[in-house]
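Enquirer: sequence unknown, structure follows:
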């Protein structure tokens, strides 16, 4: 059982765990063109009120969470915590540091030192035994779409403490982002909003932004929309630049955003100091985005090898590359992808019986075969996709981890980590991509992405060594966000708000 021992008001409390008590796809649409239908039945995608509803749902869920748990850890909001003698993987790419202790105070990393204890601890410090465990920074998913508070809770459960949220409406997304900073059981949201496209293009059928024109018909309207997005609080926009033929052929290709409008969007955003993420899985489209001045390529490049010139330009211009290999794996063979994911009992057990039945049904796989008949092409290009990831990494391009994984929010990060290792990253490099590099792609690495003194205390405690087997990132004991427990496998822990 878990144990908290208090020895008076000025003593330190010992907390140890002796025994455990033991869910945005790039190319996911109905025939009508909705890219976000998670289930097999029609529904209304992303209503404008969605983010307001999400914020309310998150608040209610956080108020009710663990209401009947027996023992809060810690009881006071600012109680210091010492994680003593753990093996630290700090996210910088440095080697793992055994027998390291981390003192957390006021939601920040106050001190890191070798050994179990400093000369003195602050009063009321809770001491958590870390021997035989591993700590990594909270994961940062650099590409998500959110459909419900269930998604965000699942992300926290899987150690994801910050995300780049792709969203249609700026005002609602920014409101949800502000709310995410106040509660524990959701990752902090960094919106990329709005999502710009063109009539008949990818994402054109999803809701409009009521405050601006996210489907601009000329460059001046595009520039005006970017300025309005900035006024509403946006720090990043997203642009769709893809006819989707690589996964939809022989179905009709979708319209692509005209080059003058695309270039105007990027140029104005950069002039306003905004980041720009571009959806461009084809080599020529990716090259156009880089030339325009995009800061992030939001997907891998599937159709052709990246050459030295483009790799050099991306490195020179400091363009982040977010390959989302998991969704290409899914589109290449949905049945095999589901088989791989569901072979892990930890992922299976995190899903409802109804969801498991749907993910294993023939009807589910038939639906994808009908929607995306070009699966054979995608499958044949997976070596090219992985080779491009490795090529760009070796060229010094910052490769960040993002998932766009609608079916497994949160857990998709761990599937993508496995894909990174398959593509030639070491486990240590993959963890760095999922933490520091992803945070850097959001402009947020000043206070998250690594475990360093002064940074936010967002971290994950693991039961098994992820450097021995990257799948061990799934062996999560606790998730801390802002220095408080946000998820725990122990029922005696309290998730505080």
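Expert: Yes, it's here. These figures come from a predicted structure and were not determined experimentally. Residues are numbered from 1 along each chain as shown.
Enquirer: In contact with residue 92, which residues?
Expert: 432, 436, 450, 452 (C-beta atoms under 8 Å, 6 or more residues apart in numbering). C-beta here means a position set from N, CA and C on the backbone, and glycine is covered the same way.
Enquirer: Can you pull up the most central residue in the chain?
Expert: Against the mean C-alpha coordinate of the chain, by C-alpha atoms, centre = their mean, the closest residue is residue 141 at 1.6 Å.
Enquirer: Can you pull the phi/psi pair for that one?
Expert: The phi/psi pair for residue 141 (degrees, to the nearest 10) reads phi -90, psi 110.
Enquirer: So in terms of bridging, what pairs with it?
Expert: residue 163 (DSSP bridges).
Enquirer: Quick check: which element contains the nearest residue to residue 451 once chain neighbours are set aside?
Expert: Leaving aside its chain neighbours, residue 451 sits nearest to residue 90 (4.4 Å; criterion: C-beta to C-beta, 6 or more residues apart in numbering). Assigned by DSSP states H and E, residue 90 falls within no helix or strand.
Enquirer: My read is that residue 90 contacts residue 102, right?
Expert: No: if you go by C-beta atoms under 8 Å, residue 90 and residue 102 don't touch, sitting 9.6 Å apart.
Enquirer: shared neighbours of these two, anything?
Expert: residue 451.
Enquirer: what about residue 236, distance to residue 165?
Expert: Distance, residue 236 to residue 165, using C-beta to C-beta, to the nearest Å: 10 Å.
Enquirer: Identify the contacts common to the two.
Expert: Common neighbours of residue 236 and residue 165 (C-beta under 8 Å, 6+ apart) are 190-193.
Enquirer: Just the buried ones among the contacts of residue 92, please.
Expert: 432, 436, 450 (16 or more other C-beta atoms under 10 Å).
Enquirer: Find the residue ranges of the stretch 1-150 of the chain scoring beneath the pLDDT cut-off.
Expert: 1-77, 116-119 (pLDDT under 70).
Enquirer: Tabulate the contacts of residue 92 in TSV, adding columns for pLDDT and distance to residue 290.
Expert: Converted to TSV, the contacts of residue 92 look like this (pLDDT from 0 to 100; distance: C-beta to C-beta, whole Å):
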residue	pLDDT	distance to residue 290
432	98	23
436	98	22
450	98	27
452	98	31
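Enquirer: Now those in CSV, please, with extra columns for secondary structure.
Expert: Output for the contacts of residue 92, formatted as CSV (DSSP: H, G, I helix; E, B strand; the rest coil):
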residue, secondary structure
432, helix
436, helix
450, coil
452, coil
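Enquirer: Which members of the residues you listed are the farthest-apart pair?
Expert: 432 and 452 (13.1 Å; C-beta to C-beta).
Enquirer: which sections of the stretch 251-400 of the chain are below the confidence cut-off?
Expert: Checking the stretch 251-400 of the chain against pLDDT under 70 turns up nothing.
Enquirer: So which residues of the stretch 301-450 of the chain form strands?
Expert: 320-321 (DSSP state E, counting those that start in this stretch).
Enquirer: quick one, helices of it?
Expert: Assigned by DSSP state H, counting those that start in this stretch, the helices in the stretch 301-450 of the chain fall at 308-316, 325-332, 334-342, 345-349, 353-359, 362-371, 375-394, 411-422, 427-432, 438-441.
Enquirer: contacting residues around the first one?
Expert: Meaning helix 308-316. Helix 308-316 has contacts (C-beta under 8 Å, 6+ apart) with 283, 286-287, 290-291, 297, 319, 321, 391-392, 395-397.
Enquirer: Pull out the buried residues from stretch 436-454.
Expert: Applying 16+ other C-beta under 10 Å to stretch 436-454 flags 436-442, 444-445, 448-451 as buried.
Enquirer: Just name the closest of these to residue 259, please.
Expert: Among the buried residues of stretch 436-454, and counting by C-beta to C-beta, the member closest to residue 259 is residue 441, at 24.8 Å.
Enquirer: gap between the closest one and residue 146?
Expert: 18 Å.
Enquirer: Spit out the contact partners of residue 427.
Expert: Applying C-beta under 8 Å, 6+ apart, the residues near residue 427 are 417, 421, 466-470.
Enquirer: Go again with 7 Å.
Expert: Contact analysis of residue 427 by C-beta atoms under 7 Å, 6 or more residues apart in numbering lists 421, 466-467, 470.
Enquirer: Pretty sure residue 402 sits against residue 142.
Expert: Yes: contact criterion C-beta atoms under 7 Å: residue 402 and residue 142 qualify, at 3.6 Å.
Enquirer: Compare the two (neighbour count), which wins?
Expert: residue 402 (34 against 31; other C-beta atoms under 10 Å).
Enquirer: what sits against the more buried one?
Expert: Per C-beta under 7 Å, 6+ apart, neighbours of residue 402: 141-143, 164, 322, 324, 438.
Enquirer: which of the shared contacts of residue 236 and residue 165 lies closest to residue 490?
Expert: Checking the shared contacts of residue 236 and residue 165 one by one against residue 490 (C-beta to C-beta), the nearest turns out to be residue 190, at 29.8 Å.
Enquirer: Residue 298: what's its closest spatial neighbour, skipping adjacent residues?
Expert: Distances taken as C-beta to C-beta, 6+ apart place residue 277 nearest to residue 298, at 4.6 Å, with adjacent residues excluded.
Enquirer: and that neighbour, what helix or strand is that in?
Expert: strand 275-279.
Enquirer: repeat for residue 100
Expert: Counting by DSSP H and E, residue 100 is found in strand 97-105.
Enquirer: Mind giving me the packing neighbours of that strand?
Expert: The contact analysis (3 or more C-beta pairs under 7 Å, 6 or more residues apart in numbering; DSSP states H and E) places strand 97-105 against strand 81-88, strand 108-114.
Enquirer: ok, and for that strand, which residues are buried?
Expert: 100-105.
Enquirer: Give me the common contacts of residue 402 and residue 142.
Expert: By C-beta under 7 Å, 6+ apart, the residues touching both residue 402 and residue 142 are 164, 322, 438.
Enquirer: mind giving me a markdown table with the residues you listed and columns for distance to residue 345?
Expert: A markdown table is the format used below for these (distance: C-beta to C-beta, whole Å):
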| residue | distance to residue 345 |
| --- | --- |
| 164 | 30 |
| 322 | 29 |
| 438 | 27 |
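Enquirer: what's around the residue nearest to residue 232 when sequence neighbours are not counted, how many residues?
Expert: Distances taken as C-beta to C-beta, 6+ apart put residue 170 closest to residue 232, at 4.3 Å, once the chain neighbours are dropped. A count of neighbours around residue 170, defined by other C-beta under 10 Å, yields 26.
Enquirer: list the contacts for residue 170?
Expert: Applying C-beta under 7 Å, 6+ apart, the residues near residue 170 are 193-194, 209, 211, 229, 232-234.
Enquirer: hang on, isn't residue 141 packed against residue 405?
Expert: No: if you go by C-beta under 7 Å, residue 141 and residue 405 don't touch, sitting 8.6 Å apart.
Enquirer: residues contacting residue 279?
Expert: Here residue 279 is in contact with 238-242, 298-299 (C-beta under 7 Å, 6+ apart).
Enquirer: Same list (these) but as TSV, adding distance to residue 112 and neighbour count.
Expert: Shown next, in TSV, are these (distance: C-beta to C-beta, whole Å; neighbours: other C-beta atoms under 10 Å):
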residue	distance to residue 112	neighbour count
238	36	27
239	40	29
240	42	26
241	43	26
242	44	26
298	34	32
299	36	27
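Enquirer: Between those residues, which sits nearest residue 266?
Expert: Nearest to residue 266 among the contacts of residue 279, with distances taken as C-beta to C-beta, is residue 239, at 7.1 Å.
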